[in-house]
Every structure is written in structure tokens, then in C-alpha cells.
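Novice: With the sequence up front, the predicted model follows.
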Amino acid sequence: MLQRLVLRDFVIVESLEIDFGRGFSVLTGETGAGKSILIDALQLVLGGRGDAGLVREGCARAEISAEFDHLPPSLVQHLEEAGFDPAEPLLLRRSVDAQGKSRAWIAGSPATLTQLKELGEDLVDIHGQHAWQSLTRPAAVRALLDAFAGIDNTGLTQAWSAWKDAQTQLDNARARATSLEQERERLAWQISELDKLAPVEHAWETLNADHQRLAHAQSILDGVHQALNVLSEAESDNASRWVEQALHALSPLVTHEPQLAEAVTVLQEAQAQLADVVRTLHSVQRHTDLDPEHLGELDARMATWMSLARRYRRQPQDLPATLIAWRTELTTLDAATDVDALVAATQHAEAAFRQAAEHVSKARQEHAPRLAHSVTQIMQSLGMAGGRFEIALEPLPEPQSHGLENVEFQVAGHAGTTPRAINKVASGGELSRIALALAVTTRQDRWVDTLIFDEVDAGIGGTVAETVGRLMQRLGQTHQVLAITHLAQVAACAHQHLIVSKNSAGGRPRSQISTADPQARVEELSRMLGGHPHSEVGLAHARAMLATLTPYAPQALE
């Protein structure tokens, strides 16, 4: 429930704090006083579009905050999951500076406008003064019935998209059958060429190393033989023997001259290292073969590898990755050219959509009569006695994203007439009344606690206006209802009456809103009835209207 609304430097409002109660509240005032400012402020703090024009002239920024209490458990859970504090009262705040830059907060934490808007949709439901226009738009009519029936169209929309995507793939495959097959054959031939190499990661580097070793085998053998001869195999003059002789000469002298110990240690390490080198050289000598035939095979393989690399404009070492990529692409092309599989996938997607659509159709058929009956009942007291409201579900020749049928509101304004499309037989005033009846009927099933009606009673008066007021009063028993109205009959039904006035301060217009006390309320109703606020006749009429139309006090709702 909306508990408080605070405005600072918003349009022509300098500073304003409004406390709201439960039940039915009205907002009245002279034309141009700024009644719509309250709705604009609420829409802004609930995530609506903001711009620099909302900032009061000469001020740095406009600020709006709204407090809500009695949050439903589902909304508390949503706030917790989003990382916000769900403590009550819940504070929403929005600011817009003179450059049009906007900021938002939820429960004191910075928030995005998307988060604010999503939260606002669960807190307040605003029914605008031109809501009747939506009754002539097929999408809006269908959405209203679906909302009343509690239909979640997410699955239907997803199934439609899946079906259309599958159909597109099938159509593309059929249209490009020849070119896709040619592309597949080209790719398959390229893969077969690379398969001859059986390239794997690092294969080129290994092949290159083997080729280098075999191509230089004789040089390797000659070098190893020469090194072994110098290190250990020369009969009387080799490095190993020299080191051994040096150790033999110095080792006995270490006890007499300690400084020789370090030299002996170094010679011993050198002897061990020379032995390791000799063992390595003997290993290389044993495993190095002069194999011209194998070298020729390596030459041929490297030539093939280089040829394919040039043909496909790749580096030799990149051929293994190229083969993997081509195989993946071939798998995709195989799927794209498998028309039978695509036909089966399309049929499966269509069946899934039709199943979801039939489920939606069944729900619409079940709830359409309920909604029509409720609206028809309310119409009888809205100056349309004998009228009838019906909802026609017309099968479509072909399925559409929203299902298998169109939804059309039809109305018969008087007894004995046949219901026809609502935009063809209903006047603007009748449309407004039907829109109100729909609003009352559909919103009674919603848990959104705060409902706002912005001049939905335009174009009516007399007994019908009184009925509208009583309807909102009745709705106020289960919801918090706020209405902007020009009708005294509607205002007299409210539990709380807010009056908007405009004056001038410092040469600039300023709008103010105040809660009417009993006397101010009587005077305001007198003004609204077309007389002077202090006219005895008007005041008497206002008192009589209040006595008749306010059967219980707002505190009875607490």
C-alpha cells in the first residue's frame, strides 16, 4: 500500500508531503491546478521516463520518494533475491537533475530503472483516463482477458519462436539445397586431403626435427666420434686420462696442504661430468643411423605437408587445427542438408506450439464467459440497462504468435440488440464506463494493492457518476484506490479527499495538495457541483450527498 509520497522541486511543486490511507481516496481541484502532477510523480518514482522538464524552474534537481507498506510475501522474496532490504516501509526514491540525468534507489541502495519499473508494476496499477482506447486494440484486449484468466504466455511465445526458427532452417535448406551440397562436397574433399597426413598437434614440429636429425646424420656421427676420441678414446692423450692423472698427483697431498682439497673436489666433479658426456655421446652414436630410404620418406611427407599448407594458405603447424575446424563445419553442413531431420524437427516444434496454444485457448474459453458476465452485471448500473457484454473468440485461419484465435470485445448497448464489435457500436462515454467495469472486474483478482484511476469517469454524470463512485468505493474495501475526478458524485464516495490548489510565490506558480477536513470537503464538493464554494444551496447539496454516499468511515477498513 502507498503510505506516503514526497515531492521536491517537481514541475511546479516546491515541497509536498502526502500521507495516504486505506480505502478510496480522491484528488480534486480546479482545471490546471496540477492534479496530474501527482500521477506523473508516481509514474516517475515507479520507473517511468524522466527528463529535465520535470525539474522546477531555477532548481538543480527534482526528487520524488514513495513509501509502501503491507508488502506481499512474494514481493519480499523478490527484493531479497535482488539484494535489497525488504524491511517496511519500503522506500523508493528517484531524482532527475537539470541536465536530465536520472538516479534511482530501492530501500536506500542504488538501483537501475529496470529494477524500479519491475518493482513498480507489482506495487501500483495505474488506469489512465484514455484506458478505453485500449478496448479497440486487439493486442490489448487479448492481454486483458489473459491477465484475468491468469494465463502465462511465456511458454507459448517460446514455442512459437522455436517453431518459426525450425521452419526457417528447413526453408533455407530447401532453397539452398544445391549450393549447400556443393559446399559439403568441397569441404569433404578438403578433409580427405588433410586426412592423408593424419595431422595431429605438434606433428609438424616432430616431423621437422626427425628430418633435420636424419639429414645431418653423417655430420652427427663424425662429430660424436671426434669428441669421444678427445675425451676418452685416444690411447695416450685424452681429457679423461689427464683429469685422472691430476687427481692421482694431488689427492695424497691434501693432508699436507688443505687448500688443495677444493681443487681435488672440482677435478672429481669434472671426472663425473666427463663420464656423463661420454655416456651420452655413446648413446647418440648407437641410435644415429644413415638411412637414405627413411630420409626420402620424410622428404616426401614434408613436401606434401608444405604443398597442402600453401594450397589452403595456412602455416604448416596450423593444419591440425584446420582439420578439426573443417570437421566441425562439415557436421554443421550435414545437419543443414538433412532435410528429413529438419522436417521432423519442424513438425515436432509445431506440435509443441499447438499443444501450448490449445492450453491457452482452453483457458480463454473457460474465463471469457466469467469476465463477460461480470462486466454485463456492472453495466446495468452504469446507464446501460439491458446492455450486454460478450467476448468473441474467433479462430484464426493460420496460427499466430498469440495463439489460435483472436479475442474481440463485443457489446450491445440496449436490450434487444445484437452484440457487435465494441468500437463500432459504443460511444466514447460508453467505452469509458465499460473500461471502468473491466477495471473493477479484472483488478479484484489481482494482489496489487494500490489502484489509481486517472479521470476514467470523464464524459459521465448524474446517476451514472454516483454508480462509478460506489464502484470505486466498493473496490476500496479490498484495495487502496486513488482517483482523480471532476465529479462531485464520485468524490463524495471517497474516504479521503485531497484538494489540489495553485498559487503564486515569488512570481512563479506553485501547486499544493492538502487533505480536506470536513468543512473544506463540503466546500470543494459545492464548487464541483457548479456553484460557489460558499453557496448555501451548494453547501446543503454537498452535505446531503456526503450523507448519502459515504456509508462507512475509512477507519473501518483498518
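Specialist: Cool, got the structure.
Novice: does Val278 really touch Ser232, like I thought?
Specialist: Yes: between Val278 and Ser232 there is a contact at 5.1 Å, judged by C-beta atoms under 8 Å. C-beta: built from backbone N, CA, C; applies to glycine.
Novice: what do those two both touch?
Specialist: Ser240 (C-beta atoms under 8 Å, 6 or more residues apart in numbering).
Novice: okay, now the closest residue to Trp305 other than its chain neighbours: neighbour count?
Specialist: Nearest residue to Trp305, sequence neighbours excluded (C-beta to C-beta, 6 or more residues apart in numbering): Pro316, at 5.4 Å. Neighbours of Pro316 under the rule other C-beta atoms under 10 Å: 19.
Novice: how far away is Pro316 from Ser307?
Specialist: 10 Å (C-beta to C-beta, to the nearest Å).
Novice: Asn229 too?
Specialist: 43 Å.
Novice: same check, this time on Gly476
Specialist: Separation of Gly476 from Ser307 (C-beta to C-beta): 87 Å.
Novice: Between those two, which has more neighbouring residues?
Specialist: Neighbours were counted for Gly476 and for Ser307 using other C-beta under 10 Å; Gly476 has more, 23 against 11.
Novice: The lengthiest helix in the chain - contacts with which helices or strands?
Specialist: Using DSSP state H, we find that the single longest helix of the chain is helix 339-379. When contacts are defined as 3 or more C-beta pairs under 8 Å, 6 or more residues apart in numbering; DSSP states H and E, helix 339-379 sits against helix 138-149, helix 154-175, strand 388-400, strand 403-412, helix 428-443.
Novice: Am I right that Ile452 is in a strand?
Specialist: Yes: assessed by DSSP: H, G, I helix; E, B strand; the rest coil, Ile452 belongs to a strand.
Novice: number of nearby residues for it?
Specialist: 22.
Novice: these two touch, right, it and Asp125?
Specialist: Yes: between Ile452 and Asp125 there is a contact under C-beta under 8 Å: 7.1 Å.
Novice: can you give me the helices in the stretch 201-350 of the chain?
Specialist: 203-215, 217-228, 239-250, 260-287, 292-311, 319-337, 339-379 (DSSP state H, counting those that start in this stretch).
Novice: any idea which of those helices is most buried?
Specialist: Neighbour counts (mean count of other C-beta atoms under 10 Å) averaged over each of those peak at helix 339-379, with a mean of 17.
Novice: so what's the nearest residue to Leu438 once chain neighbours are set aside up against?
Specialist: With sequence-adjacent residues excluded and distances taken as C-beta to C-beta, 6+ apart, Leu438 is closest to Val375, at 5.8 Å. Applying C-beta under 8 Å, 6+ apart, one finds that Val375 lies in contact with 389, 434, 437-438, 441.
Novice: swap the cut-off to 10 Å and go again
Specialist: 382, 387-391, 409, 411, 434-438, 440-442 (C-beta atoms under 10 Å, 6 or more residues apart in numbering).
Novice: Now flag whichever of those is closest to Gln245.
Specialist: Thr442 (111.1 Å; C-beta to C-beta).
Novice: Could you list which residues are in contact with that closest one?
Specialist: With C-beta under 10 Å, 6+ apart, Thr442 has these contacts: 125, 127, 144-145, 147-149, 371, 374-375.
Novice: what about 6 Å?
Specialist: Phe148 (C-beta atoms under 6 Å, 6 or more residues apart in numbering).
Novice: For the stretch 1-150 of the chain, give me the ranges with low pLDDT.
Specialist: The stretch 1-150 of the chain contains residues with pLDDT under 70 at 33, 128-134.
Novice: all helices of it, in order?
Specialist: Under DSSP H, counting those that start in this stretch, the stretch 1-150 of the chain gives helices at 35-45, 73-81, 113-121, 138-149.
Novice: Nearest residue to Gly530 in space, please, no chain neighbours.
Specialist: Gly538 (7.8 Å).
Novice: Excluding chain neighbours, what is closest to Gln512?
Specialist: Excluding its sequence neighbours, the residue lying closest to Gln512 (C-beta to C-beta, 6+ apart) is Ser501, at 5.4 Å.
Novice: SS state for the one you found?
Specialist: Note that with three-state DSSP, the state of Ser501 is strand.
Novice: distance of it from Ser36?
Specialist: Where Ser36 is concerned, Ser501 sits at a distance of 14 Å (C-beta to C-beta).
Novice: Equivalent analysis for Gln473, please.
Specialist: 23 Å.
Novice: Between these two, point out the one with more neighbours.
Specialist: Gln473 (21 against 16).
Novice: List the buried residues of the helix or strand containing the more buried one.
Specialist: Assessed by DSSP states H and E, Gln473 sits inside helix 462-475. Under the neighbour-count criterion of 16 or more other C-beta atoms under 10 Å, helix 462-475 has 464-473, 475 buried.
Novice: Among those residues, which one sits closest to Arg527?
Specialist: Nearest member of the buried residues of helix 462-475 to Arg527, counting by C-beta to C-beta, is Ala465, at 15.8 Å.
Novice: Regarding the closest residue to that closest one other than its chain neighbours, what is its secondary structure?
Specialist: Sequence neighbours aside, Gln489 is the residue nearest to Ala465 in space, at 3.9 Å (criterion: C-beta to C-beta, 6+ apart). At Gln489 the chain is in helix, as set by three-state DSSP.
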